[in-house]
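>>> Pasting the sequence and the predicted model now:
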Amino acid sequence: MDWGKVKFFLGEVLANLTRNAAMQITAIGTVAVAIAMLGAFLFVQRTAAAVSDQALQQIEVSAFLRDGLDAKADSALAARVGALPGVAHVTYVPKAQGLKQLRDKLRGEVDTSLLTTNPLPDTLRIQAKHVADVPEVAKTVKKLPGVVDVHYGAETVQKLMRLLDVAQRIGLAVIVLLVLASFQIVSNTIRLTVYSRRREISIMQLVGATNNYIRLPFIAEGIVAGVLGAALAVALLLVAQRELLPVVAQLIKFVPFPTQLPDLIPLAFQLLGVGALVGAIASWISVGRYLRV
Amino acid sequence: MAPEEAALIELSSVSLTYPNGVRALDAVDLKIEKGEFIFLVGHSGTGKSSLLRLLYREQVPSAGDVYVDGIAVHRMRAGAIPRLRRNVGVVFQDFKLLSGKTVWENVAFALQVTGARTKDVMRQVPRCLDLVGLAQKSRMFPHELSGGEQQRTAIARALVNNPKILLCDEPTGNLDPSTTTEIMELLQRINTKGTTVVVATHNRAVVDRMRKRVVRLENGRIVGDEERGFYFLGLGQGQVLSG
Ligand SMILES: Nc1ncnc2c1ncn2[C@@H]1O[C@H](COP(=O)(O)OP(=O)(O)O)[C@@H](O)[C@H]1O
Ligand SMILES: [Mg+2]
């Protein structure tokens, strides 16, 4: 390891970072806001996914089977459904058991002794893996031989899906705008540094430094700005999770809030990565543009 | 120089037209052998700087061939430029030093940005500072130095990569006569040690005193080329004249 080289390089990066401190701080702040929003979005999205998965527990697809199939055919059918992609779990409910469950459910409300014959078919109760899979699973199961009809809370599922979809689109659009904005401001900052260091750059070129070498401190500068912004965003998110989330959970008690929230630590690393990437690409582009002309 | 050996620098039928239409060089043929000391003279605007710029690939000729140390500079890839420039030191009238760096750092910079090992930096920088006589002032900043000392720093920086060629574009343009003499003596000494030196100047006194090869440019054309020449044409041929 050549420490003299390392020291020289770090000195160059530091000189870059401090050359336009005010602009640099603005850039870091913008990156922080964008990445905090991205983080919040990802957090909410994952929470929403957990919420919708919980709602899904109550949405099951009921497949009514043709009368007169023997037990062997029924269990074969159950196995076949269970193997479908998107299906998490299948329970076979023979008509007798179904009647019993119905009786238990209606006890005290209706005189169930009036039910002398069993109107219920044998039924498969199917749980989908994700709420989005439900319509597809229902459609596939309905086509299977031996299945007479299929029921599921179609409206609820579709409403939930539409809601999630719209929320995601809006969130994504906002994030894209914010990331573009931080991209722009980081690359403007780097361009300013490049401009204020044009003397150094022209001398580097004169004495035979390669373009890659010239670029390196600026890339490092961009990465440092991006990572600092992301770190700020992560700190903001951690505080928000600690201080804000319990309050929100209190306010919206009626939503089945998941007991297990997504972990912020892996998310934090992803966000730092995004910051580094934004910084690196932004500076690569703005230095490259300068070096080419 | 052995005649069969290729010249260190060779221009053949070189023309340079700038994008604004100015024809700075017009069908220039020039050969410079290894170890030569040569003056490029002519009025301001006759193409001296333009010719030098071709040699370190700051400009590409519009026509003709430029060879520097065997490299076809006129058709070289951009990626190969750094290697050429490590072999060609350049010095300017305005020194082009970095004001925030000391003498030592300015000289070391040329090595550091080309990825040199610290070991080499520690060896080469003192060698060059000794050569230009600035060993005692290595911790000073450019604004603490005289013009001559700043130019010495620039020369040390140009030499620190051990180039075969040193190009000087009006190196004494900003200096008083006695400092000019010192700088020219330094360039002479560098040449004696084996570096080929090309000096573009319109300083008549310098040229007439040194009595080196003189190539004269007028309107982008070479109009004279004499060994042991004077600033003005024809004065070198047997006539005795005081500089
Ligand atoms: N970058 C440039 N773009 C356009 N014209 C230029 C450029 N550099 C020099 N020139 C023109 O080319 C001619 C030669 O200039 P130059 O080589 O600088 O001459 P000298 O060094 O002998 O004074 C001049 O007419 C000058 O105006
Ligand atoms: Mg000139």
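It's in. Ligands and ions are numbered 1, 2, ... in the order given.

>>> How is chain B divided into domains?
Following the assignment in automatic domain parsing, chain B carries domains at B:1-87+B:163-243, B:98-161.

>>> For chain A, which segments are assigned as strands?
A:61-65, A:87-93, A:123-128, A:147-151 (DSSP state E).

>>> chain center to the second one: distance?
Counting by Cα atoms, centre = their mean, to the nearest Å, strand A:87-93 is centred 28 Å from the centre of its parent chain.

>>> Which strands border it, and is each parallel or antiparallel?
When pairing is defined by DSSP bridges, strand A:87-93 lines up against strand A:123-128 (antiparallel).

>>> Also the last one?
Here strand A:147-151 is paired, per DSSP bridges, with strand A:61-65 (antiparallel).

>>> I'd like to check what contacts the partner strand. Which residues are they?
Here strand A:61-65 makes contact (Cβ atoms under 8 Å, 6 or more residues apart in numbering or on different chains) with A:74, A:77, A:81, A:121-128, A:134, A:137-138, A:141-142, A:144, A:146-152. C-beta coordinates here come from the backbone N, C-alpha and C atoms, glycine included.

>>> if you average pLDDT over it, what comes out?
Strand A:61-65 carries an average pLDDT of 84.

>>> could you dump it to CSV, C-alpha only?
Extracted in CSV, the C-alpha atoms of strand A:61-65 (Å, rounded to 0.1, in the frame of the first residue of the first chain):
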residue,chain,number,x,y,z
VAL,A,61,-61.4,-18.7,-2.8
SER,A,62,-64.1,-21.3,-2.3
ALA,A,63,-64.3,-23.9,-5.1
PHE,A,64,-67.5,-26.0,-5.0
LEU,A,65,-67.1,-29.5,-6.3
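
>>> distance of the residue of the stretch 101-250 of chain A found nearest chain B from B:Val73?
Residue of the stretch 101-250 of chain A nearest chain B, by Cβ to the nearest Cβ: A:Gly208 (3.5 Å). To B:Val73, A:Gly208 is 14 Å away according to Cβ to Cβ, to the nearest Å.

>>> joint contacts of those two?
Contact criterion Cβ under 8 Å, 6+ apart; residues shared by A:Gly208 and B:Val73: B:Leu84.

>>> Can you show me the CA trace of the lowest-mean-pLDDT helix or strand in chain A as CSV?
None of the helices or strands of chain A scores lower by mean pLDDT, DSSP states H and E than helix A:245-251, at a mean of 72. What follows is helix A:245-251, C-alpha atoms only, in CSV (Å, rounded to 0.1, in the frame of the first residue of the first chain):
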residue,chain,number,x,y,z
LEU,A,245,-45.0,5.6,13.8
PRO,A,246,-46.6,4.9,17.3
VAL,A,247,-48.6,8.0,16.9
VAL,A,248,-49.8,7.1,13.4
ALA,A,249,-50.6,3.6,14.5
GLN,A,250,-52.7,5.0,17.3
LEU,A,251,-54.6,7.3,14.9
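
>>> OK, contacts around the closest residue to B:Lys212 other than its chain neighbours?
Nearest residue to B:Lys212, sequence neighbours excluded (Cβ to Cβ, 6 or more residues apart in numbering or on different chains): B:Phe37, at 4.7 Å. Applying Cβ under 8 Å, 6+ apart, we find B:Phe37 in contact with B:187-188, B:191, B:196-197, B:199, B:210, B:212-213.

>>> repeat for B:Arg139
B:102-104.

>>> try 6 Å
B:Thr102 (Cβ atoms under 6 Å, 6 or more residues apart in numbering or on different chains).

>>> what about it, distance to chain A?
The gap separating B:Arg139 from chain A is 16 Å, by Cβ to the nearest Cβ, to the nearest Å.

>>> Am I right that that residue is in a strand?
No: under the criterion used here (DSSP: H, G, I helix; E, B strand; the rest coil), B:Arg139 is coil, not part of a strand.

>>> Need phi/psi at it.
Per-residue torsions, B:Arg139: phi -90, psi 0 (degrees, to the nearest 10).

>>> Among the contacts of B:Phe37, name the buried ones.
B:187, B:191, B:196-197, B:199, B:210, B:212-213 (16 or more other Cβ atoms under 10 Å in any protein chain shown).

>>> which two of these lie the greatest distance from each other?
B:Thr196 and B:Met210 (15.2 Å; Cβ to Cβ).

>>> before we move on, the earlier item: restricted to helices, list the buried ones among the contacts of B:Phe37.
Counting by DSSP state H, these place B:187, B:191, B:210 in helices.
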